[in-house]
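J.: Sharing a model prediction with you, sequence too.
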Amino acid sequence: MQDDDFSLFQAELRGVKPLRHDRADTGKPKPDRKQFNTLRQAATVSQGEIKVDGLSDQFVIDVGAEDPLYWAANGMQEGQMRKLKLGQIPFDGSLDLHGMSVEKARDTLWEFLAEATKLEIRCVRVTHGKAVRMDGRKPMIKSHVNTWLRQHPQVLGFSSCLAKHGGTGAVYIILKRTMMDGRDE
């Protein structure tokens, strides 16, 4: 550097205190693999109580992290499902199941869909995540959500979201509407 440049540089740094440590902050520490796997396995084990909500875990349809989800009940109009897939039906409620155990996700999803039905909401979004797993197995919550939604009596169809709404880590769900008292349609 020339003397002019060096003096300008020093003038700009006047009042700046040097850092006391020479280590970079690398973010939060990585989880202990053994503890992580133990917690993951515990999340899949049933707590022994039998749920009578119509959602079965007897046969779970395994899906990959990047697999798009799509299902329509018999009689569901193709045009409506096309609009749902393209994100053209606005969703009025949203639920995030990230980090939940399978049992907690099941209960939360059931309650959320019951509330949406009670409020006559037509379309909702559920974020299940992709859970790309190190052991190569399929994502648990995504696979269970895919199975449960096919069994739920109020679900007419579902489709993976557009990228801006979560992509293959979330689904749009179109629900049946039960006519409220006093409403004539």
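T.: Alright, I've got the coordinates. Numbers count the residues shown, from 1 in each chain.

J.: Can you check the pLDDT for the residue nearest to Arg177 when sequence neighbours are not counted?
T.: In space, and not counting its chain neighbours, Arg177 is closest to Glu120: 5.6 Å by CB to CB, 6 or more residues apart in numbering. (Glycine included, C-beta is placed from N, CA and C.) Taken from the predicted model, the pLDDT recorded for Glu120 is 91.

J.: before we move on, which element is Glu120 in?
T.: In this assignment (DSSP states H and E), Glu120 forms part of neither any helix nor any strand.

J.: Look up how far Gln151 lies from Pro68.
T.: Note on Pro68: its distance to Gln151, by CB to CB, to the nearest Å, is 20 Å.

J.: what's the answer for Lys104, then?
T.: For Lys104, the distance to Gln151 under the criterion CB to CB works out to 18 Å.

J.: same question, Arg82
T.: Arg82 sits at a distance of 24 Å from Gln151 (criterion: CB to CB).

J.: Kindly report the same for Asp92.
T.: The span separating Asp92 from Gln151 equals 23 Å under the rule CB to CB.

J.: ditto for Gly93
T.: As defined by CB to CB, Gly93 lies at a distance of 20 Å from Gln151.

J.: Of those two, which one has the most company?
T.: The residue with more neighbours, out of Gly93 and Gln151 and counting by other CB atoms under 10 Å, is Gly93; that gives 17 against 11.

J.: longest helix in this protein, by residue count?
T.: In the chain, taking DSSP state H as the definition, the longest helix is helix 102-118.

J.: Which positions in that one come out as buried?
T.: Going by neighbour count (16 or more other CB atoms under 10 Å), the buried part of helix 102-118 is 102-103, 105-106, 109-110, 112-113, 116-117.

J.: Perfect, that will be all.
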